[in-house]
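>>> need a 3D model of the sequence below.
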Amino acid sequence: MIGLGAAVLALGLSAPAFADHGRDGHGDGATVPFGRATLTGFASLPAETFVPNSEPSGALLGTAPINGVTPPFAGQPVQGFSGVARRHDGTFDVLSDNGYGNKANSADFLLRIQRVKPDFRTGVVRAVGGVDLSDPDRHVTFPLTRSDRRLTGADFDVESMVRNPDGTYWIGDEFGPFLLHFSPSGSLLEAPVALPGVQAPENPYLGGGTPNLARSKGFEGMARAVDGRRLYPLLEGTVAGDPAGALRMYEFDLRKRAYTDRRWVYQLEAPGNSIGDMIAVDRDRFLVIERDNQQGDAAQFKRVYLTDTRDRDRDGKVDKTQVADLLDLANPKGVGGFGTTFRFPFQTIEDVVILDDSTLGLLNDNNFPFSSGRTPGKADPDEFITVRLSRSLGADPRAYR
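I've put the predicted structure just below:
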């Protein structure tokens, strides 16, 4: 295998101008199909990787072994990657989600942006740092779990992330759902921004009202516009009263700090599916991970779609074109020691990043210690793969530079 930097440079030099937009040249908006994608890089972080000198965690999980791992843990696990941002120095910021799966069992899990470095020559991902998330300036008005105002998985369920040019982060939460703005050091910079008209059961301001979004079905995906002016958060669940499998995608104006009146619908291929992540390709198009809820041999649906908000077929939903089937990746060189077909068989695949115009990076959320998609009965690692698409995206270069 060649290193990521060399692969990205070589592919980037041959990429076409983004104005092509992946269209067929006939001017009718028809989308050229993508062929089979190819695995080009594989690296893995062991499941039992913990933040050095960190606090114990997992006390509410009991003491029985789970997939060969026995809680509680002596430290904070480096796990649950639910958002990714490229730093252009060979490292990536990855977002650890709410902890152990729900509000009730995650009070001792500290929310954190991890920093990792994959080495595709050795097949190893290293954890090289990160920042804990906190609210020292008391922007959160509801009671937090800890008196020191370090944020935990009982306070927010953080599932999506973008990094701004100034080094600050916008993070999408599922409990509200809320948008959260953090400094480079992990301090909350302003009050959580609620989504008008939508509340999940965990919303601290529900006040006995009726939620209209299922538990932990808030902002699973979120993209930043290529011009940096807007956010595009995407719900994981269907709002009550909407058609089955219809997910709302919103637009948030970063200058006005307000949602606009623009909204789109992403239609799941099956109502039981979920989205995992999204990222902007250009002004109108986004990549979205869609997956079923299965793992291992039972997994049947793990795909990446190129979506177009211009709705060329006028059906009221974003257009979708499959660019990669993550259960059927060509692997002619046996990357990672796997066979000629590579499967990414994890229950939750929640991270996508554009490395160049035809190469994606993808990571799984290993739900430590609960998921065992790679090896039955064994807690999943966090895997980082690179995938070459069958043709270029025609992306705006700002999407990956």
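
>>> count of neighbours near Glu174?
Using other Cβ atoms under 10 Å, the number of residues around Glu174 comes to 27. C-betas here are computed from N, CA, C, even on glycine.

>>> which ones are touching it?
Applying Cβ atoms under 8 Å, 6 or more residues apart in numbering to Glu174 gives the contacts 98, 157-159, 200, 202, 216-220, 236.

>>> what do you get if the cut-off is 7 Å, keeping everything else the same?
157, 159, 200, 216-220 (Cβ atoms under 7 Å, 6 or more residues apart in numbering).

>>> just the buried members of those residues?
157, 159, 200, 216-220 (16 or more other Cβ atoms under 10 Å).

>>> from those, pick the one nearest Val226.
Phe219 (19.5 Å; Cβ to Cβ).

>>> so that closest one touches Pro233, yeah?
Yes. Between Phe219 and Pro233 a contact is recorded at 4.4 Å, counting by Cβ atoms under 7 Å.

>>> what's the local residue count around Gly377?
8.

>>> an error on my part: the question was meant for Gly83.
Neighbours of Gly83 (other Cβ under 10 Å): 31.

>>> what does stretch 114-127 rub up against?
Against stretch 114-127 from outside (Cβ under 7 Å, 6+ apart): 1, 3-4, 41-45, 49, 78, 90-94, 96, 128-130, 336, 382, 384, 386.

>>> whichever of those residues end up buried, select them in ChimeraX.
Filtering the contacts of stretch 114-127 down to the buried ones (16+ other Cβ under 10 Å) takes a single ChimeraX command:
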select :1,4,41,42,43,44,45,49,78,92,93,94,96,130,336,382,384,386
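
>>> now render the buried ones among the contacts of Glu174 as a markdown table, adding distance to Gly209, pLDDT and secondary structure.
Putting the buried ones among the contacts of Glu174 into a markdown table (distance: Cβ to Cβ, whole Å; pLDDT from 0 to 100; DSSP: H, G, I helix; E, B strand; the rest coil) gives the following:
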| residue | distance to Gly209 | pLDDT | secondary structure |
| --- | --- | --- | --- |
| Asp157 | 19 | 97 | coil |
| Glu159 | 23 | 97 | strand |
| Ala200 | 11 | 98 | coil |
| Ser216 | 18 | 91 | coil |
| Lys217 | 17 | 96 | coil |
| Gly218 | 16 | 97 | coil |
| Phe219 | 20 | 98 | strand |
| Glu220 | 23 | 97 | strand |
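
>>> between these, which is nearest Ala74?
Distances from Ala74 to the buried ones among the contacts of Glu174, taken by Cβ to Cβ, are shortest for Asp157, at 24.2 Å.

>>> that closest one: what's it in contact with?
Taking Cβ under 7 Å, 6+ apart as the criterion, Asp157 is in contact with 97-98, 173-175, 216.
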